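Enquirer: Fold the following.
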Amino acid sequence: MPTSHNANARTDPGYKTPPFPSLYWLVGPPNVVEPAFLFYERDIWRFTFFWTLIIYEAAHLLAATYAVIIVWWGGRNDVFKIGKSREGNGMIGIGRLKKLKMLWMVPVIYGTIAGVEALLAGSVVGLM
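Expert: I've put the predicted structure just below:
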């Protein structure tokens, strides 16, 4: 049995959780647009978590795309300068091909971080 977020909240016997993505969709014919409400903690948490996840993923993947573009077209050198080689020219490091092979990890890491942040933030806000 779901717990009520508000002990005084009374739901209709035919109450069903509103469908995702919105509680109140402003676009559409006037006879279809009607506000909906969430009464149960699990529904409130789930709704808040999903929207937080969507917004955080969009922001983080936009930043990851920018980072990939900068690395892809950014540098003039074909190698990272990590330190001095035995010849002393300072060009020891990984080449451009290796750098580009590792580039796929940037969106994956950013997306994972966004998911963890959304879980924490959505849970805190959704359960308050």
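
Enquirer: switch to C-alpha atoms for all contacts and neighbour counts from now on
Expert: OK.

Enquirer: Next, residue 12: secondary structure please.
Expert: coil (DSSP: H, G, I helix; E, B strand; the rest coil).

Enquirer: For residue 38, see how far away it is.
Expert: Per C-alpha to C-alpha, to the nearest Å, residue 12 is found 12 Å from residue 38.

Enquirer: Might you list the low-confidence residue ranges for this protein?
Expert: 1-11, 25-34, 74-97 (pLDDT under 70).

Enquirer: would you list every one of the helices in it?
Expert: With DSSP state H as the criterion, the chain has helices at 41-73, 96-101, 105-126.

Enquirer: Next, format those helices as a markdown table and append mean neighbour count.
Expert: Compiled in a markdown table, the helices of the chain are given as follows (neighbours: other C-alpha atoms under 10 Å):
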| stretch | mean neighbour count |
| --- | --- |
| helix 41-73 | 17 |
| helix 96-101 | 13 |
| helix 105-126 | 17 |
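
Enquirer: For residue 115, list the residues it contacts.
Expert: Each residue near residue 115 by C-alpha atoms under 8 Å, 6 or more residues apart in numbering is listed here: 53, 56, 57.

Enquirer: Go again with 10 Å.
Expert: Contact analysis of residue 115 by C-alpha atoms under 10 Å, 6 or more residues apart in numbering lists 49, 52, 53, 54, 56, 57, 60, 109, 121.

Enquirer: Relative to residue 24, which of the helices of the chain is closest?
Expert: helix 41-73 (12.6 Å; C-alpha to C-alpha).
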